[in-house]
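> When you get a sec, could you give me coordinates for this:
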Amino acid sequence: EEYKQVDFIPFDPAIKRTEASIVHPKEGKFKVTKGAAPQILELCADGKRMEQKVMRIVDDLAGRGYRALGVAMSKEDGKLYFSGVLSLFDPPR
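Here you go, the predicted model:
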């Protein structure tokens, strides 16, 4: 039993995110998306509730030289919910 990617939208700088549709025999079909945290929060059903906390984390990471991406996943209701922040070390060049 494995996860299978059935659709993929590559990163688009206009919408600042990428998205994939995944299917699993037991968990069914769901979407995952990652990208700029503000844009991901806008898409999420719980985005307004999470915004202050998430942006505080993103700002803290940026102050320490990290880039941060927002990650969200859809649930049974088809709506996206914020899952977390993905940090990437991105030193100045």
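
> Quickly note the distance from Asp77 to Lys34.
20 Å (CB to CB, to the nearest Å). Backbone N, C-alpha and C define where each C-beta goes, glycine included.

> Looking at those two, which has the bigger crowd around it?
Shown here are Asp77 and Lys34; by other CB atoms under 10 Å, Lys34 has more neighbours (19 against 8).

> Now that we're looking at the most centrally placed residue in the chain, what pLDDT does it have?
Closest residue to the average C-alpha location of the chain: Val71 at 1.8 Å, with CA atoms, centre = their mean. Val71 carries a pLDDT value of 98.

> mind checking the SS state of it?
Assigned by DSSP: H, G, I helix; E, B strand; the rest coil, the conformation of Val71 is strand.

> May I have the beta-bridge partners of it?
In this entry, Val71 is beta-bridged to Lys34, Gly84, by DSSP bridges.

> Alpha carbons of the longest helix that the chain contains, in CSV - could you do that?
Taking DSSP state H as the criterion, the chain has its longest helix at helix 47-63. Only the C-alpha atoms of helix 47-63 are listed here, as CSV (Å, rounded to 0.1, in the frame of the first residue of the first chain):
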residue,chain,number,x,y,z
GLY,A,47,-5.5,30.3,7.6
LYS,A,48,-6.9,33.3,9.5
ARG,A,49,-6.6,31.5,12.8
MET,A,50,-3.0,30.4,12.1
GLU,A,51,-1.7,33.5,10.4
GLN,A,52,-0.1,35.4,13.4
LYS,A,53,1.7,32.3,14.7
VAL,A,54,2.9,31.1,11.3
MET,A,55,4.2,34.6,10.3
ARG,A,56,6.0,35.0,13.6
ILE,A,57,7.8,31.7,12.9
VAL,A,58,8.6,32.6,9.3
ASP,A,59,10.0,36.0,10.5
ASP,A,60,12.1,34.3,13.2
LEU,A,61,13.5,31.8,10.7
ALA,A,62,14.3,34.6,8.2
GLY,A,63,16.1,36.5,10.9
